[in-house]
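Participant: Sharing a sequence plus its predicted fold:
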Amino acid sequence: MSPFQITIFTRDGCCLCDDVKERVQRVAEDYPIELQMFDITTDEEIYELYKWTIPVVHINGEEVFVSKMAELWLRRELDLRMEKEK
């Protein structure tokens with residue numbers, strides 16, 4: 001199974017983004033994950049899209065969580081995706 005590509009859309013000073021990153025890193029101990037952080041201030045279009053809603057989490061290019069993400073929610077989402085791949 002190839003790793004889940006998880007992208008967290010963030011910006012400097014976003015405490016909620018830091019919390020989500022820590023949760024993803026904990027989940028990555030149990031699931032195959034490649035984590036990428038994307039600073040929304042580096043892309044004007046993405047900045048306009050997400051400036052009021054970060055952190056935003058994409059899994060394999062799909063927007064899955066907006067503004068909030070619990071560790072349990074991520075685990076459930078990854079379990080569902082793994083089930084579909086079987």
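Facilitator: Everything's here; your move.
Participant: quick check: longest helix of the protein.
Facilitator: In the chain, with assignment by DSSP state H, the single longest helix is helix 71-85.
Participant: how about that one: buried residues?
Facilitator: By neighbour count on 16 or more other C-beta atoms under 10 Å, the buried set for helix 71-85 is 74, 77, 78, 81. Using the backbone N, CA and C atoms, a C-beta is placed for each residue, glycine as well.
Participant: Switch those over to JSON lines; also include distance to residue 23 and pLDDT.
Facilitator: Below are the buried residues of helix 71-85 laid out as JSON lines (distance: C-beta to C-beta, whole Å; pLDDT from 0 to 100):
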{"residue": "74", "distance to residue 23": "7", "pLDDT": "99"}
{"residue": "77", "distance to residue 23": "12", "pLDDT": "98"}
{"residue": "78", "distance to residue 23": "12", "pLDDT": "98"}
{"residue": "81", "distance to residue 23": "17", "pLDDT": "97"}
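Participant: Out of those, flag the one nearest to residue 54.
Facilitator: residue 74 (16.3 Å; C-beta to C-beta).
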